[in-house]
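Student: Curious how this folds, go ahead:
(2 chains)
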Amino acid sequence: MEVSVIRAGMLTTVQDLGRTGHRAAGVPLCGAMDSLALRVANFLVGNPENTAGIEFTLAGPELVFSADALVAIGGGEFGALPSWKPLEIRAGDTLKIGHAHRGCRGCLAVAGGFTLAPVLGSCSTFLRGGFGGWKGRAFRDGDVLEAADVIRRTTGQWHIDERILPAYSAAPELRLVPGAQADDFGGEFFSTEFEVSSQSDRMGVRLKGPALTRRTTDGVPSATVVPGTIQVPPDGQPIVLMADAQTIGGYPQIAHVISVDLPLVAQVRPGDTVRFRKVTLAEAHELLLARERTLGILREGIALKFL
Amino acid sequence: MTIALLGDSAVVLAIASAADETALERVRAIASALERDPPPGVVDIVPAFATITLFFDAARAGEFARFCEDIRQRALRAGGTLDRGDARVVEMPVCYGGECGPDLGEVAAKSGIDPAQVIALHSGGSYVVQAIGFAPGFGYLGGLPEKIHTPRRATPRTLVPAGSVGIGGVLTAVYPFATPGGWNIIGRTPLNMFDANRTEPAILRAGDHVRFRAITEEEFSAWK
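Tutor: Here you go, the predicted model:
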């Protein structure tokens, strides 16, 4: 089947769960900014969780399917379409995703997935490198991509329990573990509310607030970073590194957002605010394991709904 | 040897305090031992400077303290096994000066020598890749002769062509992609430093030894 991009929307790219295993060559992880949204959307259409989907930002695309299809949207809430449930599309129908009225990013999964050649083991788009996904770039109006001809149906009326979803918010509290240079900074980091800057992108969410000052002028060695790392450049305005971040950074690392809260970062938009709270590594891991258990139960529960 | 956290999904194993040649040899030995037989739950291993970062899946890594101790033990076992002769040596042709190296004259002036001496020093040096990062395939090369250490440009160039060879302080490097950049550009290599479609996309790996060989503009243009 063909999926025609009538309107590309904003920064609409193919993403899976990322290009693991090539960081030693300087290749960023990439992948869906809100990986939970992509995983759940894939469950909802009966795909393996790492199947590549389409991520869009604030303004979703308009797509026409040449055959019947089953799709699902995870992440933010867009236009009039319900998120977090399978949607049956008829051949020739236009799927108009519309603008985000909650959150920033959505992930569209299609039953059977798109026909794409993986690059370095992943279908994620790496925009700066110009490879992966759809021709290494964001979609443009008029692109046409191939998707598997897969017919799947689910039974009757059901919905997923929204309590299992992350606490998406326009003012989230993000939980942190300390970074290598945490002690160079005062405690104001934890009592300050930061505003999300419009300069944010897939590399990092830039924050605005009272400038954070380092108590030392010692140089910081270049060091590996990870999605979630919060760097403080000389202007004192922190940056939360995200999916497309480079693999090595040269700025002080004040903290790292814990894995379970990265979807919350992916969904803030310019003008939203964030606050921070410290947790222990053990708490971060407990939260992560609990989330994985829940997702495992969800995946099995949804699998039973397919005819 | 110490282990520090990098968020909740990676740990940084520090082998030494400075990325000198001995430290880089040990990093390379330990990283290759870890890559051959990764600890359970480890999904990516990144040797960089005097450290090795191990990314892990917390759901598969087991109890964290034991996971770290396992890494420490493996690193201690592997730390002394290196055969100094087995580092790869990568030779890179470079066309120095002219259009390929617009900052050659400035580096020469700042170093108080003439451009031919800069070329002789740069291409006569023996370098070690301290880390790959900043961009895919971008190697931070240590070993630049002290005479031509040159601070980064006050105003970065908005576009440095792919293959450009630059000097940034005590390091030298080759830009794999056309990007903005602040290093002093003294030449260009015709090699494609990174190609995602190759089996091994990056020409350089951390720990490799690198030598530069001066080529003429004609050789550069004829290179395929």
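
Student: How much space separates the residue lying closest to residue B:210 once chain neighbours are set aside from residue B:171?
Tutor: Leaving aside its chain neighbours, residue B:210 sits nearest to residue B:127 (4.2 Å; criterion: CB to CB, 6 or more residues apart in numbering or on different chains). Using the backbone N, CA and C atoms, a C-beta is placed for each residue, glycine as well. The spacing between residue B:127 and residue B:171, counted by CB to CB, to the nearest Å, is 9 Å.

Student: Please enumerate residues in contact with the helix or strand of chain B with the lowest mean pLDDT?
Tutor: In chain B, no helix or strand scores lower on mean pLDDT, DSSP states H and E than strand B:179-181, which sits at a mean of 88. Contact with strand B:179-181 is made by B:135, B:156-160, B:164, B:166, B:175, as judged by CB atoms under 8 Å, 6 or more residues apart in numbering or on different chains.

Student: Among those, name the ones that also lie close to chain A.
Tutor: residue B:135 (CB under 8 Å from any CB of the partner chain).

Student: Output the set of residues of chain A in proximity to chain B.
Tutor: A:20-28, A:119-120, A:128-129, A:131-132, A:177-178, A:180, A:221-226, A:228-229, A:246-248, A:256-259, A:281-282, A:284-285, A:288-289, A:292.

Student: low-confidence ranges in chain A?
Tutor: For chain A, no stretch is flagged by pLDDT under 70.

Student: mind running it again at 80?
Tutor: Where chain A drops to pLDDT under 80, the residues are A:156.

Student: Smallest gap between it and chain B, at which residue?
Tutor: Closest to chain B within chain A is residue A:248: 2.9 Å, counting by CB to the nearest CB.

Student: Go ahead and confirm residue B:5 touches residue A:281.
Tutor: Yes: if you go by CB atoms under 8 Å, residue B:5 and residue A:281 touch, sitting 6.2 Å apart.

Student: quick one on the thing from earlier: give the buried residues for the least confident helix or strand of chain B.
Tutor: For strand B:179-181, burial by neighbour count (16 or more other CB atoms under 10 Å in any protein chain shown) applies to B:179, B:181.

Student: now stretch A:232-250
Tutor: A:232, A:237-249.

Student: Equivalent analysis for stretch B:61-81, please.
Tutor: B:61, B:64, B:67-68, B:70-71, B:74-75, B:78-79.

Student: Then stretch A:40-54?
Tutor: Buried positions in stretch A:40-54, judged by neighbour count with 16+ other CB under 10 Å: A:40-47, A:49-54.

Student: now swap in stretch B:160-172 and tell me
Tutor: By neighbour count with 16+ other CB under 10 Å, stretch B:160-172 contains the buried residues B:160, B:162-168, B:171-172.

Student: can you tell me which of those residues are in strands?
Tutor: Assignment to strands by DSSP state E places the following of those there: B:160, B:164-168, B:171-172.

Student: I'd like to know which of these is nearest to residue B:106.
Tutor: Closest approach between those and residue B:106, by CB to CB: residue B:167, at 10.2 Å.

Student: Which members of the residues of chain A next to chain B occur in strands, if any?
Tutor: Per DSSP E, the subset of the residues of chain A next to chain B in strands is A:177-178, A:223-224, A:229, A:248, A:256-257.

Student: out of those residues, which are buried?
Tutor: Neighbour counting by 16+ other CB under 10 Å classes A:177-178, A:223-224, A:229, A:248, A:256-257 among those as buried.

Student: quick one on the thing from earlier: does the residue of chain A closest to chain B really touch residue B:131, like I thought?
Tutor: Yes: Residue A:248 is within contact range of residue B:131, at 6.1 Å (criterion: CB under 8 Å).

Student: Residues that sit against both of the two, list them.
Tutor: Counting by CB under 8 Å, 6+ apart, the shared contacts of residue A:248 and residue B:131 are A:222, B:48.

Student: about what we covered before: need the max-distance pair from the contacts of strand B:179-181.
Tutor: Greatest spatial distance in these: B:135 and B:158, 15.7 Å, computed using CB to CB.

Student: Can you pick out the residue with more neighbours from the two?
Tutor: residue B:135 (22 against 8; other CB atoms under 10 Å in any protein chain shown).

Student: three-state assignment of residue B:60?
Tutor: helix (DSSP: H, G, I helix; E, B strand; the rest coil).

Student: give the contact list for it.
Tutor: By CB under 8 Å, 6+ apart, the residues touching residue B:60 are B:40-41.

Student: where exactly do the helices run in the chain?
Tutor: Unless you meant another one, I'm taking chain A. With DSSP state H applied, chain A shows helices at A:35-44, A:188-191, A:262-266, A:281-303, listed in chain order.

Student: um, chain B though
Tutor: B:21-36, B:58-61, B:64-78, B:104-111, B:115-124, B:217-222.
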